[in-house]
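1. A predicted structure for the sequence below; I have some questions about it.
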Amino acid sequence: MYDIEMPLVLGLDCMERAGVLVDRMTLADIHISFEAELNRLSASIYEKVGMTFNILSPKQIGQVLFDKLQLPSGRKNSSGTYSTDSDELTRLIDEHPVVRDILNYRQISKLDSTFVLGLQKVIDPLDGRVHSSFSQVMTNTGRLSSAEPNLQNIPIRSDLGSQIRRAFIAPPGRVLLDADYSQIELRLLAHLSQDENMMNAFLHNEDIHTNTAANIFNVPKEMVQPSMRSAAKTVNFSIVYGISDFGLAQDLGVSFQEAHHYIEHYYAQYPKIRAYLDSLKKMGYDKGYVETMFGRRRVVKELTSPNRNIRNFGERAAMNTPVQGTAADIIKIAMNRVSAGLKKENLDAVLILQVHDELIVECREDQADAASVVLKHAMEGAALLRVPLIAEVSQGLSWYECKT
DNA sequence: TCGTTCACG
DNA sequence: ACGTACGTGAACGAT
């Protein structure tokens, strides 16, 4: 409370007032190309189906695909209507050519309405910048949340979506610095569990996902194929989320038994991780709460529910919160250290964004290298772990450039 | 206002 | 037998 959150109030205030400069022209150009593509896609969809309808209505999509076209229906959602989410539509992609068009339409429409048009609406006419609100009290784990606009979910995973980051820029004479913690949650899992095998992977600077792949597939590291590494990455995430073989099977697209097999192999190779996660569940049941390295507590009331699904949710939350929450504590400490460090060095540089494991600073071009050093050291020195804590810094004239 | 969908870490 | 990854916010349709 006193050491982390209260000092952070001042830093967040600076961050919100500073805002991020947004290039209206870039957004306008993207909007024009998205709109053209949406027009092509809707024409193609209506032609293939033989009628017009609202492509953004899940209800109407369901009627068109499952009643009119008689495609094999799958999951229903809680209101009893056909599910038409991305998983369901992907399943149907070879059944009818309209399905791919619908998926593309959905994606582009989302990007345009939420990010391109949504961002344009909140640009401050006085300074051409967007000023998000960061909340310290919204999340269950200690993370920040961002709203109006949410700058913590700007697209990056798809090529089309990541173009939107070209609109987040530095003003003339200034640059953006972007620093990411490398694998912070898995490093914390290694630290908190004290599992020798996982700690050694980080101490020797090995690729953790390749390492995990070699373990769960029982092959030498040199024999790990990209598909194996990708599956191992998913397994690593699933462990941090509070494992369930069902969830893992669904995400990997493998059988329940196969997913179960991976998890057993995982725990055989990293035995103290199982012990650590079990201890977190026990703490949740015994004390009613779990806590982060810095003493932030989450009461897990779901663990007292007679409903097993709710209780299972509580167990996963008990396993995930100390990891996700400690990462949140550490980046908050880092933000306080960055604010102090930039001020002490008299740099014309300000924090403008935090995205959970990433900090973005805007600074004068001629001070970029000096500010980068401050940023890197403030982040890496925010906590002392049993494994190295690494932050990678890049610079660019736009958020997109920082990521390429 | 609620449910669905989908963007991020 | 049952329903499941953890944490968020915004747009949209339906009511």
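-> That came in fine, so what should we check first? Just so it is clear, the structure is predicted and the values come from calculations on it, not from any experiment. Numbers count the residues shown, from 1 in each chain, chains lettered A, B, ... in the order given.
2. CA atoms for contacts and neighbours, from now on please.
-> OK.
3. shaky segments in chain A?
-> Across chain A, not a single residue meets the criterion (pLDDT under 70).
4. who's in contact with stretch A:170-179?
-> Residues outside stretch A:170-179 that contact it (C-alpha atoms under 8 Å, 6 or more residues apart in numbering): A:20-21, A:169, A:358-365, A:368, A:372, A:375-376, A:391-399, A:402.
5. if we go to 7 Å?
-> A:21, A:358-365, A:372, A:391-398, A:402 (C-alpha atoms under 7 Å, 6 or more residues apart in numbering).
6. got it, and stretch A:369-379?
-> So stretch A:369-379 is contacted by A:177, A:334, A:337-338, A:341-342, A:347, A:391, A:393 (C-alpha under 7 Å, 6+ apart).
7. now do 8 Å
-> A:177, A:179, A:181, A:331, A:334-335, A:337-338, A:341-342, A:347, A:349, A:363, A:390-393.
8. and it with DNA strand B, contact?
-> No. Stretch A:369-379 is not in contact with DNA strand B by C-alpha under 7 Å from any atom of the strand; minimum separation 14.2 Å.
9. and that stretch, how far from the chain's centre?
-> For stretch A:369-379, the separation from the chain centroid amounts to 23 Å (computed by C-alpha atoms, centre = their mean, to the nearest Å).
10. The strand or helix carrying A:F246 close to DNA strand C?
-> Secondary structure from DSSP states H and E places A:F246 in helix A:245-252. Yes. Helix A:245-252 is in contact with DNA strand C by C-alpha under 7 Å from any atom of the strand, via A:245-248, A:251-252.
11. from those, which single one is nearest DNA strand B?
-> Using C-alpha to the nearest atom of the strand, A:D251 comes nearest to DNA strand B of the residues of helix A:245-252 next to DNA strand C, at 12.4 Å.
12. Next up, the contacts around the nearest residue to that closest one once chain neighbours are set aside.
-> For A:D251, ignoring the flanking residues on the chain, the nearest one in space by C-alpha to C-alpha, 6 or more residues apart in numbering is A:T234 at 7.8 Å. When contacts are counted by C-alpha under 8 Å, 6+ apart, A:T234 touches A:248, A:251-252.
13. what do you get if the cut-off is 10 Å, keeping everything else the same?
-> A:T234 makes contact with A:209, A:228, A:248, A:251-252, according to C-alpha atoms under 10 Å, 6 or more residues apart in numbering.
14. Same question for A:R24.
-> A:30, A:116, A:119-120, A:123, A:128-129, A:167-168.
15. switch to 7 Å and redo it
-> Contact analysis of A:R24 by C-alpha under 7 Å, 6+ apart lists nothing.
16. hmm, back to that, hmm, which of the contacts of stretch A:369-379 are the buried ones?
-> A:177, A:179, A:181, A:331, A:334-335, A:337-338, A:341-342, A:347, A:349, A:363, A:390-391, A:393 (16 or more other C-alpha atoms under 10 Å).
17. CA atoms only for stretch A:286-295 - export them in CSV, please.
-> Extracted in CSV, the C-alpha atoms of stretch A:286-295 (Å, rounded to 0.1, in the frame of the first residue of the first chain):
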residue,chain,number,x,y,z
ASP,A,286,-6.7,-23.2,4.8
LYS,A,287,-6.5,-19.4,5.0
GLY,A,288,-9.1,-18.3,2.5
TYR,A,289,-6.6,-16.2,0.6
VAL,A,290,-3.4,-16.4,-1.4
GLU,A,291,-0.7,-13.7,-1.7
THR,A,292,2.0,-12.3,-3.9
MET,A,293,5.7,-12.0,-3.1
PHE,A,294,5.0,-8.5,-1.8
GLY,A,295,2.0,-9.4,0.3
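18. Now name the helix or strand holding the closest residue to A:N104 other than its chain neighbours.
-> Once flanking residues are discounted, A:N104 sits nearest to A:L41: 7.8 Å by C-alpha to C-alpha, 6+ apart. Element membership for A:L41, per DSSP H and E: helix A:24-49.
19. Can you pull out the residues in contact with stretch A:187-198?
-> If you take C-alpha under 7 Å, 6+ apart as the criterion, stretch A:187-198 is touched by A:199, A:270-273, A:276, A:323, A:385-387.
20. Quote the end-to-end distance of it.
-> With C-alpha to C-alpha, to the nearest Å as the measure, the first residue of stretch A:187-198 is 8 Å from its last.
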